[in-house]
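A.B. asks: Below are the sequence and a predicted model for it; my questions follow.
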Amino acid sequence: MTTMLHKNIKEQIKEALRAKDTIRLDTLRGLNALFMNEMMVTKCESEFLDDTKVLALIKRSAKQRKDSIEQFEKGGRDDLAQKEKSELKILESFMPALMPKSEVAIVVRTRIEALKSQGTFDPKALGKVTGMIMKELAGKADGADVKAAVDEEAAR
C-alpha cells in the first residue's frame, strides 16, 4: 500500500497556493477534503490514504465533473461548464492513462470469440459479459468504452 498520490496532492496544494492558481488550488483542496472525510469514515490510522482509495475518490470526483459538465451545457451555462472542464483536466492528471477505444474493442472481441468457441456466449446476457470484461479491465479502461464495444461486437 503506497501513499504517494495523497502526499503528492498535499504538496501540490502548497505549490498552487504559491503560484496563486485558484482553480487548481480549489480542486486540490476539494480532493484533500474528500480524502479526510474518507479517513474519518474508515477510521484510518495513518496520515495518508493508500493509492487505491485515492484513485477511487479521484475517479468518483471526475465522474461528478463529467455529469456536471453535461448538465451545465444542457442548461446553457458555458461559463460553469468551462470551470468544470478545467477541474476535470486537473483530476485526470492524477489518473492513470486509460486504454484507447481500439484496444478495448480488441480485448472485447477476443473475449466474446472465446466465449462463442466454448459455447457459453449468450447474446441475451450481455450484462454478464460486460461485467466480466469490466473486472478484467478495472482501472485500465473506461466503462462506457467497454459497454459500447460489447454492444458493437454483439451486434455483429
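C.D. replies: Now that the structure is in, tell me what you want to look at.
A.B. asks: Give the buried residues for the top helix by length along the chain.
C.D. replies: Ranked by number of residues, the top helix in the chain under DSSP state H is helix 51-74. Buried residues in helix 51-74, counted by 16 or more other C-beta atoms under 10 Å: Asp51, Lys53, Val54, Leu55, Leu57, Ile58, Ser61, Ala62, Arg65, Ser68, Ile69, Phe72. The way it works is simple: take the backbone N, C-alpha and C, and place the C-beta from them, glycine included.
A.B. asks: likewise stretch 14-33?
C.D. replies: For stretch 14-33, the neighbour count (16+ other C-beta under 10 Å) marks Ala16, Arg24, Leu25, Thr27, Leu28, Leu31 as buried.
A.B. asks: Dump these to CSV, plus pLDDT, distance to Gly131 and secondary structure.
C.D. replies: Shown next, in CSV, are these (pLDDT from 0 to 100; distance: C-beta to C-beta, whole Å; DSSP: H, G, I helix; E, B strand; the rest coil):
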residue, pLDDT, distance to Gly131, secondary structure
Ala16, 94, 39, helix
Arg24, 95, 36, helix
Leu25, 95, 39, helix
Thr27, 95, 32, helix
Leu28, 95, 34, helix
Leu31, 94, 29, helix
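A.B. asks: No further questions, thank you.
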